[in-house]
Structures are given as structure tokens and as C-alpha cells.
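Q: Quick one, what's the 3D model for this:
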Amino acid sequence: MSGDLGTLARGALLGFSIAAPVGPIGVLCIRRTLAEGRGCGLATGLGAAAADGVYGAIAALGLTWITQALVGQQTWIRLIGGAFLLWLGISTFLARPSQKEAAASGAGMAAAFASTFVLTLTNPMTILSFVAVFAGLGLGAGTSSAMGAMLLVIGVIAGSAAWWLLLSAIVDRLRGRFDQRGLVWVNRVSGAVITAFGVLAVASLLVEGPRATAS
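A: Okay, here's the model as predicted:
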């Protein structure tokens, strides 16, 4: 029992630490929490947590053929992810805040969840991070049982979800300080940051392309 709890705890710590660095998903979570409410912001983060769970499961179960397939197609996958980031960034930059507080609808939260789920899956390097960390900690494919692997993945999802719950709760407390003009600037700044992530993603492919050809 103590071993299972230890595996669960280590998975949760790993999920939290992977989710915590603020990248495009974090910016989206902050922006959507401010503009559309805590529910939408949390749904945004949970989409990333679910994708982390998928990649965590692949790494924990030692499914190397899926890892190799994803890495082998990473150019196209990253290109799609970069284009998606550009679209999200530009649409966020141009978005106008609603004059009244938006009600948390199931459709809106589902769209927020789906967008970050897909966006997180379009970063094949995430699975390599899981594989490397799992190997370093003696976890993953070396887990003694299927139950251990399952607990590890549950821990990853729980840890990642805990971060998004914390972030959306903190940002929601600050929400009342933003008027319409403030929300316009939130859209502009977050849109510019997300667009920059998209530009960097596409530019990195253009730089790596000639290097790969030369090698």
C-alpha cells in the first residue's frame, strides 16, 4: 500500500512540475479566466492535464513504437501546433471583451478543454520529457505492475490538474480589478505572447530543416 501511495505521490509531483512553467497554455488559462471566468480557465488547464496523462501513459507503459512514431512525424505535428498557436494568438489579440460577464456554458468549457488538449498533444517533445524523467526516477516501464503504471498516470493527471486549479483560482481572485479597458489589454498582451510562441515554433522548424538536410 505504501509503495502504491509513493508511486501516486511521485506521479503527482511530476505532473505538477511539468505543468507549472508558464508557456502558451498558462497564458491561455490566465486570459480565459480573466475574460470568461474561472470555469473556462480551469477547463483550459484540464485539457493540458489530460494530454499530459496520455503522454504519461505511453511513457509509463513503455510503448516505444508510439514514441518513435510521434518523434518520426514531429516536423508535421509541430508545424500544426505552431499554426494553431498563431491562429489562437491572432484571434485572442483581436478579441473584444464582452460588455457583460459571460455565463459558464458547457459548450464554451468543452471548446476550451479541446483546444488545449490538441495543442499539448502537438508537442511530441513532451513524451520524450516523460520518458527521460521516468527513466531517471526509476519509474515508467520499470514499474513492477500494471497497477503501478496506472497509479503513476493518475498521479500525473492529478498533479497537473492541481496546478491548473491553483492558477485559475488565483487569477480569478484578481478578476474584479480588470475593467473593459483592462481586459482589452489582457487580450492584446496574451495574444501577442501566444503569437510569439507560434512564430518561434514555426521558425525553429525552418532553422532545423536546413541543418537536417546538411547533416
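
Q: nearest residue to residue 130 other than its sequence neighbours?
A: Spatial nearest neighbour of residue 130, chain neighbours left out: residue 59 (3.8 Å); criterion: CB to CB, 6 or more residues apart in numbering. For the C-beta atoms, the positions are set from N, CA and C on the backbone; glycine is no exception.

Q: buried ones in the helix or strand hosting residue 182?
A: Here residue 182, judged by DSSP states H and E, is contained in helix 180-214. With burial defined by 16 or more other CB atoms under 10 Å, the residues of helix 180-214 counted as buried are 183, 186-187, 190-191, 193-195, 197-198, 201-202, 205.

Q: okay, now the residue nearest to residue 130: neighbour count?
A: When counting by other CB atoms under 10 Å, one arrives at 29 neighbours for residue 59.

Q: Now do the helix holding residue 182, average pLDDT.
A: For helix 180-214, mean pLDDT rounds to 77.

Q: Could you list every helix and strand in contact with that helix?
A: Counting by 3 or more CB pairs under 8 Å, 6 or more residues apart in numbering; DSSP states H and E, the packing neighbours recorded for helix 180-214 are helix 24-36, helix 74-94.

Q: before we move on, back to that, from the buried residues of helix 180-214, which is closest to residue 88?
A: Closest to residue 88 out of those is residue 194 (5.4 Å), distances taken as CB to CB.

Q: Report the separation between the closest one and residue 70.
A: Applying CB to CB, to the nearest Å, the value for residue 194 to residue 70 is 23 Å.

Q: for residue 191, same thing?
A: Distance from residue 191 to residue 70, by CB to CB: 29 Å.

Q: try residue 87
A: Applying CB to CB to residue 87 and residue 70 gives a distance of 22 Å.

Q: neighbour-wise, which of those two wins?
A: Between residue 87 and residue 70, residue 70 has the larger neighbour count (other CB under 10 Å), namely 19 against 14.
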